[in-house]
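In: here are the coordinates; sequence isn't available:
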């Protein structure tokens, strides 16, 4: 279904997208970032927090490291400020890249089992499907952030995967 190289490219894409968002949002008034925009996770910061929470949850399953506290309903309040989000996001993006760089393609052929709080039960799915879901989840919610930024008259980042800078740029 997917390869180690796919995971490495998507990890780089994720980090690039989040760096662009961080730079663009630094100039935005905190009230604008937390304004309820009637999105599923409320605000721009709430949506960014949910995305970060989801990445931390999936990474805890993939690499056995720390998981975020709380559940999905708590995820929009993971980081109270953009500065706190930025620091945690930077560390998490590094964690995702390290995991992808060390990934064994054979492992992608196996299953992943975990307790799903949202389903209230033990779940087992193909690891490749779970990894694809994590990267798809990132793109989905960053698209929501992009739409909120555009609607608010803010500059939004370039999101096209084909424009991902080369490693040495």
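Out: Received the coordinates, thanks. Just so it is clear, the model here is predicted, and its values are computed rather than measured.

In: buried sites along the helix ranked longest in the chain?
Out: Identified as the longest helix of the chain according to DSSP state H is helix 127-151. Within helix 127-151, the residues that qualify as buried by neighbour count (16 or more other C-beta atoms under 10 Å) are 127-128, 130-132, 134-135, 137-138, 141-142, 144-146, 148-149. From N, CA and C alone the C-beta is placed, and that goes for glycine too.

In: what segments of this structure are strands?
Out: Using DSSP state E, the strands found in the chain span residues 111-116, 121-126.

In: now do the last one against strand 111-116, angle only.
Out: Here strand 121-126 runs at 160 degrees with respect to strand 111-116, directions being taken by axes from the mean of the first three to the mean of the last three C-alpha atoms, to 10 degrees.

In: strand 121-126 packs against which elements?
Out: strand 111-116 (3 or more C-beta pairs under 8 Å, 6 or more residues apart in numbering; DSSP states H and E).

In: ok, the first one next?
Out: Counting contacts by 3+ C-beta pairs under 8 Å, 6+ apart, the secondary-structure elements packed against strand 111-116 are helix 44-63, strand 121-126, helix 127-151.
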